[in-house]
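Colleague: Pasting the sequence and the predicted coordinates here, then a few questions.
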There are 4 protein chains.
Amino acid sequence: MSSLKMSASEIMSLLTETFPQQAKNFGIDELSETSLVVRHKIDDSHLRPGGTVSGPTMFSLADISLYILTMSRIGPVSLAVTTNCSLDFMRKPEAEVDLIAKTRLLKLGKNLCVGDVLIYSEGSTKPVARASMTYSIPPNS
Amino acid sequence: MSSLKMSASEIMSLLTETFPQQAKNFGIDELSETSLVVRHKIDDSHLRPGGTVSGPTMFSLADISLYILTMSRIGPVSLAVTTNCSLDFMRKPEAEVDLIAKTRLLKLGKNLCVGDVLIYSEGSTKPVARASMTYSIPPNS
Amino acid sequence: MSSLKMSASEIMSLLTETFPQQAKNFGIDELSETSLVVRHKIDDSHLRPGGTVSGPTMFSLADISLYILTMSRIGPVSLAVTTNCSLDFMRKPEAEVDLIAKTRLLKLGKNLCVGDVLIYSEGSTKPVARASMTYSIPPNS
Amino acid sequence: MSSLKMSASEIMSLLTETFPQQAKNFGIDELSETSLVVRHKIDDSHLRPGGTVSGPTMFSLADISLYILTMSRIGPVSLAVTTNCSLDFMRKPEAEVDLIAKTRLLKLGKNLCVGDVLIYSEGSTKPVARASMTYSIPPNS
């Protein structure tokens, strides 16, 4: 029996309802008690000159990945907010290839949730970026 | 005589040429040898439900601010890349108010450029976010 | 009338009582409602080969600086804990010169306190390191 | 045949020679092409009131871990310097239990080396801290 509070499709429905503009960019490739893989679909609006994906695109993928992971564990928390983020940009992402994010939950506390994310260009084994994120969970959730 | 290698209008022309989609969101309110103030114009595409500005919007403002500051000191460096970024999100930005970023240059080395940024909702004295950014400067620039 | 809850000497007494081993390394050069300057006295135990000051020494100065600033505003909070820290090491500190930290309080919230710190070798105007710190404040304090 | 440039014992010899004061605190429990486990021996000098290990102790363990990993891949690089560090402190380490750090190498470039570290109290499966570190590698090494 799963300890997940929400399934991938329940989370995608909630995201689509709450952030209709953004949610269409994302897909959940895998969600289990031990792993989360989120896809950022890449189109021209995410590219930068020089044939690469923009920094804000990578940031938004890392941000939504930990948000998805948090919701899968504690249920819908519309008020959770990102309080801190640290990013290392290590390699140039390929243009016109989706980004794939693999997220680990490191702490799920009463007030703070911490995780980290490795981001890849799909098909590559070397990460393009690393992110760690802290979410603040509101007292009443 | 100024030690700035590029003026605000020269930098905006270069940004508009290089990143036409993004550049129209930004304006340089102030650029001197000791200060840089960059504005992110906010429209519906930058908002989040709950009446606030999205995290990626704040990230992109911090990122472009240090890029502008670097170019003002060393001239056009099309290949400079962000290698690291740390962000603290401290308060909820107001919707439909521009974001204002004040940037300090902390180090301009041969290989690395480091600065930090305070981001405000226009008209407020309490920062909504703090960012520090590191840029890698390519050897031949 | 000052809005400070504790003076520099009250804070130093508390630190000496609580952390006798560490406190003797530090001094508060300046504490007002708008500024905090903390000194880390440097002796051989803080040096690294090559004539410089160790990274952990700079970390501990940044950490105690925000702790002092937090206490000056909310009074003795023995349970406040550092939850996040981001550091940029920009220049090599001089050996056998004290380190001087200038700290800004960016947010003093109910749960989280955020500030940033510039660290200098005494007598120099170029910072050797930059730090941002987040403290978690326990609910009952 | 191993692609490691230095073995655990060669690295410990070099550390002992270069940093005699610090090196005695550390041990390399495991070093292979795919993993690195470093131990920080804990004694009274590393403790804080309240029965926990100090923040600077965790910082120094993260810092030396990535230094060891870098040397194992590129050989002795006495001039490599830490340029950036981001730390999340997630749980209170146990006093009088050694700290164990597991390090991943994420990028080994010509100029920059990036890795991240999870730190545990020995015997526990929940990390007490997470760190990401960037090293700058001097051009001539």
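Modeller: Ah, there it is.

Colleague: The helix or strand that contains residue A:83 and chain B, any residue contact?
Modeller: Secondary structure from DSSP states H and E places residue A:83 in strand A:81-89. Yes. Against chain B, strand A:81-89 shows contacts by CB under 8 Å from any CB of the partner chain at A:81, A:82, A:83, A:84, A:85, A:86, A:87, A:88, A:89. All C-beta spots, glycine's among them, are computed from the backbone N, C-alpha and C.

Colleague: From residue A:8, how far off is residue A:19?
Modeller: 16 Å (CB to CB, to the nearest Å).

Colleague: hmm, I was thinking of residue A:113
Modeller: Counting by CB to CB, the separation of residue A:113 from residue A:8 is 19 Å.

Colleague: Neighbouring strands - and their directions - for the strand holding residue A:83?
Modeller: For strand A:81-89, the paired strands and their directions (DSSP bridges) read strand A:129-136 (antiparallel), strand B:81-89 (antiparallel).

Colleague: tell me how far it is from the chain's mean position?
Modeller: 11 Å (CA atoms, centre = their mean, to the nearest Å).

Colleague: From the contact counts, what lies against the top helix by length along chain A?
Modeller: Using DSSP state H to define each element, chain A has its longest helix at helix A:55-74. Where contact means 3 or more CB pairs under 8 Å, 6 or more residues apart in numbering or on different chains; DSSP states H and E, helix A:55-74 is packed against helix A:8-18, strand A:26-31, strand A:36-40, strand A:81-89, strand A:99-108, strand A:112-121, strand A:129-136, helix B:55-74.

Colleague: And it, what's buried?
Modeller: Buried residues in helix A:55-74, counting neighbours by 16 or more other CB atoms under 10 Å in any protein chain shown, are found at A:55-73.

Colleague: Same check on stretch A:81-101?
Modeller: For stretch A:81-101, burial by neighbour count (16+ other CB under 10 Å) applies to A:81-91, A:93-94, A:98-101.

Colleague: Check the separation of the first and last residues in it.
Modeller: Start-to-end span of stretch A:81-101 (CA to CA, to the nearest Å) is 20 Å.

Colleague: tell me the mean pLDDT for that stretch?
Modeller: The average pLDDT for stretch A:81-101 rounds to 96.

Colleague: what about that stretch, distance to the chain center?
Modeller: A distance of 9 Å separates the C-alpha centroid of stretch A:81-101 from that of its chain, computed with CA atoms, centre = their mean.

Colleague: mind showing which ranges of chain A have poor pLDDT?
Modeller: Within chain A, the segments meeting pLDDT under 70 span A:1-2, A:78-79, A:140-141.

Colleague: Can you tell me the centre-most residue of it?
Modeller: Among the residues of chain A, the one closest to the centroid is residue A:65, at 1.6 Å (CA atoms, centre = their mean).

Colleague: Identify the residues contacting that residue.
Modeller: Applying CB atoms under 8 Å, 6 or more residues apart in numbering or on different chains to residue A:65 gives the contacts A:36, A:38, A:101, A:103, A:115, A:117.

Colleague: Return the closest of these with respect to chain C.
Modeller: residue A:115 (13.1 Å; CB to the nearest CB).

Colleague: Count the residues that sit near that closest one.
Modeller: By the criterion of other CB atoms under 10 Å in any protein chain shown, residue A:115 has 24 neighbours.

Colleague: who's in contact with residue A:67?
Modeller: With CB under 8 Å, 6+ apart, residue A:67 has these contacts: A:80, A:82, A:135.

Colleague: Just give the nearest non-adjacent residue to the closest residue to chain C within chain A, would you?
Modeller: Residue nearest to chain C within chain A (CB to the nearest CB): residue A:84, separated by 5.0 Å. Distances taken as CB to CB, 6 or more residues apart in numbering or on different chains place residue A:134 nearest to residue A:84, at 4.2 Å, with adjacent residues excluded.

Colleague: contacting residues around that neighbour?
Modeller: A:82, A:83, A:84, A:85, A:112, A:113, A:114, C:83, C:84, C:134, D:88.

Colleague: Could you rerun that using 6 Å?
Modeller: A:83, A:84, A:112, A:114 (CB atoms under 6 Å, 6 or more residues apart in numbering or on different chains).

Colleague: I'd like those residues laid out as CSV, including distance to residue D:47.
Modeller: CSV is the format used below for these (distance: CB to CB, whole Å):
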residue, distance to residue D:47
A:83, 29
A:84, 27
A:112, 24
A:114, 24
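
Colleague: Now flag whichever of those residues is closest to residue B:23.
Modeller: residue A:84 (28.7 Å; CB to CB).

Colleague: surely that closest one meets residue B:86?
Modeller: No. In this structure, residue A:84 is not within contact of residue B:86 by CB atoms under 6 Å, at 7.8 Å.

Colleague: Chain neighbours aside, what residue packs nearest to whichever residue of chain A sits closest to chain D?
Modeller: Going by CB to the nearest CB, chain D is nearest to residue A:86 of chain A, at 3.8 Å. Among residues not flanking residue A:86 along the chain, residue D:86 sits closest, at 3.8 Å (CB to CB, 6+ apart).

Colleague: Can you verify my assumption that the one you found contacts residue D:132?
Modeller: Yes. Contact criterion CB under 6 Å: residue D:86 and residue D:132 qualify, at 5.0 Å.

Colleague: For residue A:134, give its distance to residue C:112.
Modeller: Separation of residue A:134 from residue C:112 (CB to CB) stands at 10 Å.

Colleague: If you could redo that for residue A:69, that was the one I meant.
Modeller: When residue A:69 is compared with residue C:112 (using CB to CB), they lie 21 Å apart.

Colleague: what does chain A put close to chain B?
Modeller: Residues of chain A lying close to chain B (CB under 6 Å from any CB of the partner chain) are A:18, A:49, A:55-56, A:59-60, A:63, A:82-89.

Colleague: Check those against residue C:29 and report the nearest one.
Modeller: For those, the residue nearest residue C:29 by CB to CB is residue A:84; the value is 29.1 Å.

Colleague: Run through the bridge partners of that closest one.
Modeller: On the basis of DSSP bridges, residue A:84 is bridged to residue A:134, residue B:88.

Colleague: just to revisit the earlier point, outside of the strand holding residue A:83, which residues touch it?
Modeller: A:63, A:129-136, B:55, B:82-89, C:84, C:86, D:86, D:114.

Colleague: Tell me how many other residues crowd residue A:8.
Modeller: 18.

Colleague: Surely it is in contact with residue A:28?
Modeller: Yes. Using CB under 6 Å, residue A:8 is in contact with residue A:28, at 4.1 Å.

Colleague: Return the residues of chain A in contact with chain C.
Modeller: So far as CB under 6 Å from any CB goes, chain A lies against chain C at A:84, A:86.

Colleague: at 10 Å what do you get?
Modeller: A:83-86, A:107, A:109-112, A:114, A:132, A:134, A:136, A:138-139 (CB under 10 Å from any CB of the partner chain).

Colleague: what's the most distant pair in the residues you listed?
Modeller: Checking the residues of chain A next to chain C with CB to CB, the most distant pair is A:86 and A:139, at 25.3 Å.

Colleague: ok, now which ones touch residue A:41?
Modeller: Counting by CB atoms under 10 Å, 6 or more residues apart in numbering or on different chains, residue A:41 touches A:24, A:25, A:26, A:27, A:98, A:99.

Colleague: can you list the residues of chain A near chain D?
Modeller: A:84-91, A:104, A:106-107, A:109, A:112, A:114-116, A:118, A:126-134.

Colleague: Pull the contacting residues for residue A:131.
Modeller: Here residue A:131 is in contact with A:58-59, A:61-63, A:65-66, A:85-89, A:101, A:103, A:115-119, B:85, D:86, D:132 (CB under 10 Å, 6+ apart).

Colleague: How about it: what's its closest non-neighbour residue?
Modeller: residue A:62 is the one closest to residue A:131 (CB to CB, 6+ apart), at 3.6 Å.

Colleague: so what sits against both of residue D:86 and residue D:132?
Modeller: A:86, A:87, A:88, A:130, A:131, A:132, B:84, B:86, C:86, D:62, D:116.
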